[in-house]
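*Asks:* Below are the sequence and a predicted model for it; my questions follow.
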Amino acid sequence: MKAIESGGPTSYDAGKKVAGRKRQTMVDKNGRALIIDPQSADIQDRDGAVPILRVSRKSYLFVEKVFADMGFSSEWPHNASLIDVEIVREPPDQIGFAAHPRRWVVERFFAWISRNRRL
């Protein structure tokens, strides 16, 4: 793991075959950022979720439930804090792409910050 400039730690993600960093985020229902944590690319989502969930309990006591995708479906995020982690799964009869009701909020947030890179 190495740091390049001021963007945070970087490394190589063998699953996606790219070098860089991941941004673990927690957003509200409307897609506004609550917590953003840049991490190196070699950290898996389930491992990166634990610090986000623990930090969120200090600042956002009102958060009772979070929605996550299949990358977070292990025991570590579920046991990290008192927050209920619900995994949003795709319907078994789905073929191709479909926008899921809860996951699109985070994807929209990433589109916002990608367009406005200086934020």
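*Replies:* Happy to help now that I have it. Numbering: from 1, shown residues only.

*Asks:* pull the longest helix from the protein.
*Replies:* As assigned by DSSP state H, the longest helix anywhere in the chain is helix 45-59.

*Asks:* Go through the helix or strand following that one and flag the buried ones.
*Replies:* In the C-terminal direction, the helix or strand that comes right after helix 45-59 (DSSP states H and E) is strand 65-68. Applying a neighbour-count criterion of 16 or more other CB atoms under 10 Å, one finds 66-68 buried in strand 65-68. (Glycine included, C-beta is placed from N, CA and C.)

*Asks:* average pLDDT for the longest helix of the chain?
*Replies:* The average pLDDT within helix 45-59 is 85.

*Asks:* Need the residues that contact that helix.
*Replies:* Under the contact criterion CB atoms under 8 Å, 6 or more residues apart in numbering, helix 45-59 has outside partners 22, 24-26, 34-35, 37, 39, 63, 66, 68-69, 71-74, 76-77, 80-83, 85.

*Asks:* Return, as residue ranges, the portions of this protein with sub-threshold pLDDT.
*Replies:* For the chain, residues meeting the criterion pLDDT under 70 lie at 1-8, 12-16, 18, 117-119.

*Asks:* Just the helices from it, written as ranges.
*Replies:* For the chain, applying DSSP H gives helices covering 45-59, 75-80, 103-115.

*Asks:* The ones you listed: which one's closest to residue 97?
*Replies:* Across the helices of the chain, residue 97 has its closest neighbour in helix 103-115 (11.2 Å, CB to CB).

*Asks:* Report the contact partners of the residue minimising distance to the centre of the chain.
*Replies:* Among the residues of the chain, the one closest to the centroid is residue 24, at 3.9 Å (CA atoms, centre = their mean). Counting by CB under 8 Å, 6+ apart, residue 24 makes contact with 35-39, 45, 48-49, 51-52.
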